[in-house]
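[1] build me a structure from this.
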Amino acid sequence: MTQLPAKTERKLGLVIDLDTCVGCHACVISCKGWNTENYGAPLSDQDPYGANPRGTFLNRVHSYECTPADGAAQLIHFPKSCLHCEDAPCVTVCPTGASYKRVEDGIVLVNESDCIGCGLCAWSCPYGARELDRAEGVMKKCTLCIDRIYNENLPEEDRIPACVRTCPAGARHFGDFADPESNVSKLVAERGGMDLMPEQGTRPVNKYLPPRPKDRIDSDAAPALKPVAEEASGFFAWLDKALEKL
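    Got it, this is the predicted structure:
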């Protein structure tokens, strides 16, 4: 069995803004692409064009329709991947020591050469973040793109997880939670970042920012939403006339 480190030097993780996520699945596709092209072994698919397609994904997006007691119904898109828990049960349950948590940054990884595919880590994870790659016979999970964030051959702006780099809505943020001045620590403090299923006692590093009600608009929060002029002028007046002739 693998022991968890008493303390890690850093706590790298993600903040996911549920208020901003539009459910486009760009993070899912970029994660699948990067980890298939650059991973130790590709993330396999079985019968991808058949009647029962299955595959290995390290990041998924679930969508739920929610109806708050004091507001209108709204659709919440909920991205989910490994949360790199401080008290990660997937690590301590592993019989071969294949699952481990790094002391230097707190990232939870799997040594695939030691993994026997027993599935105990998947059973112990309350978030369903582990996936058995059926082609390789080993468990796989989000690595926070460790091969990107430390890769000095990449431009500095690309040294972040692929899902964060790709998100068109800016709903995903990456940083060090051990640093109170980091971007992720400030977001959690300002927006009331939440743990997923805190009752499990796993102390996930990744946090979620709660969605805000969508049935009303705070004018102070959206200063750009101003009335449009009834009659266009200048270039736009010319464009309107040109389009009317078509």
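
[2] residues contacting Arg102?
    Counting by Cβ atoms under 8 Å, 6 or more residues apart in numbering, Arg102 makes contact with Pro5, Thr8, Val108, Leu109. All C-beta atoms are positioned from the backbone trio N, CA, C, and that covers glycine.

[3] Arg148 contacts Ile160, doesn't it?
    Yes - judged on Cβ atoms under 8 Å, Arg148 makes contact with Ile160 at a distance of 6.8 Å.

[4] so which elements touch the longest helix along the chain?
    Across the chain, the longest stretch assigned as helix under DSSP state H is helix 26-38. Helix 26-38 sits against strand 60-66, helix 162-166, with contacts defined as 3 or more Cβ pairs under 8 Å, 6 or more residues apart in numbering; DSSP states H and E.

[5] including mean pLDDT and distance to Ala122, could these go into a markdown table?
    Below are the helices and strands packed on helix 26-38 laid out as a markdown table (pLDDT from 0 to 100; distance: least, Cβ to Cβ, whole Å):
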| stretch | mean pLDDT | distance to Ala122 |
| --- | --- | --- |
| strand 60-66 | 93 | 14 |
| helix 162-166 | 97 | 21 |
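
[6] for the ones you listed, which one ends up most surrounded?
    Highest mean neighbour count of the helices and strands packed on helix 26-38: helix 162-166, a mean of 22 (counted as mean count of other Cβ atoms under 10 Å).

[7] could you list the low-pLDDT ranges of this structure?
    The model of the chain has pLDDT under 70 over residues 1, 39-40, 214-233, 246.

[8] and the helices in it, which stretches?
    Along the chain, counting by DSSP H, helices occupy 26-38, 89-92, 120-124, 146-149, 162-166, 183-191, 235-244.

[9] can you list those helices in TSV and add distance to Leu75?
    As requested, the helices of the chain are exported to TSV (distance: least, Cβ to Cβ, whole Å):
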stretch	distance to Leu75
helix 26-38	17
helix 89-92	30
helix 120-124	28
helix 146-149	31
helix 162-166	20
helix 183-191	20
helix 235-244	34
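
[10] the ones you listed: which one's closest to Ala69?
    Evaluated over these, closeness to Ala69 peaks at helix 183-191, with 21.2 Å, by Cβ to Cβ.

[11] now Ser99. Nearest residue, chain neighbours left out?
    Nearest non-adjacent residue to Ser99, counting by Cβ to Cβ, 6 or more residues apart in numbering: Val91, 4.7 Å away.

[12] so the one you found touches Leu4, yeah?
    Yes - between Val91 and Leu4 there is a contact at 5.7 Å, judged by Cβ under 8 Å.

[13] hang on, the earlier thing: can I get the longest helix of the chain as PDB, trimmed to CA atoms?
    What follows is helix 26-38, C-alpha atoms only, in PDB (Å, rounded to 0.1, in the frame of the first residue of the first chain):
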ATOM      1  CA  ALA A  26     -13.700  21.600 -25.700                       C
ATOM      2  CA  CYS A  27     -11.900  20.500 -22.500                       C
ATOM      3  CA  VAL A  28     -12.900  16.900 -23.000                       C
ATOM      4  CA  ILE A  29     -11.700  16.800 -26.600                       C
ATOM      5  CA  SER A  30      -8.400  18.600 -25.900                       C
ATOM      6  CA  CYS A  31      -7.700  16.300 -23.000                       C
ATOM      7  CA  LYS A  32      -8.400  13.200 -25.100                       C
ATOM      8  CA  GLY A  33      -6.300  14.600 -27.900                       C
ATOM      9  CA  TRP A  34      -3.300  15.600 -25.800                       C
ATOM     10  CA  ASN A  35      -3.200  12.500 -23.700                       C
ATOM     11  CA  THR A  36      -3.600  10.200 -26.700                       C
ATOM     12  CA  GLU A  37      -0.900  11.900 -28.700                       C
ATOM     13  CA  ASN A  38       1.600  12.400 -25.900                       C
END
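
[14] buried set for that helix?
    For helix 26-38, burial by neighbour count (16 or more other Cβ atoms under 10 Å) applies to Ala26, Cys27, Val28, Ser30, Cys31, Lys32, Trp34, Asn35.
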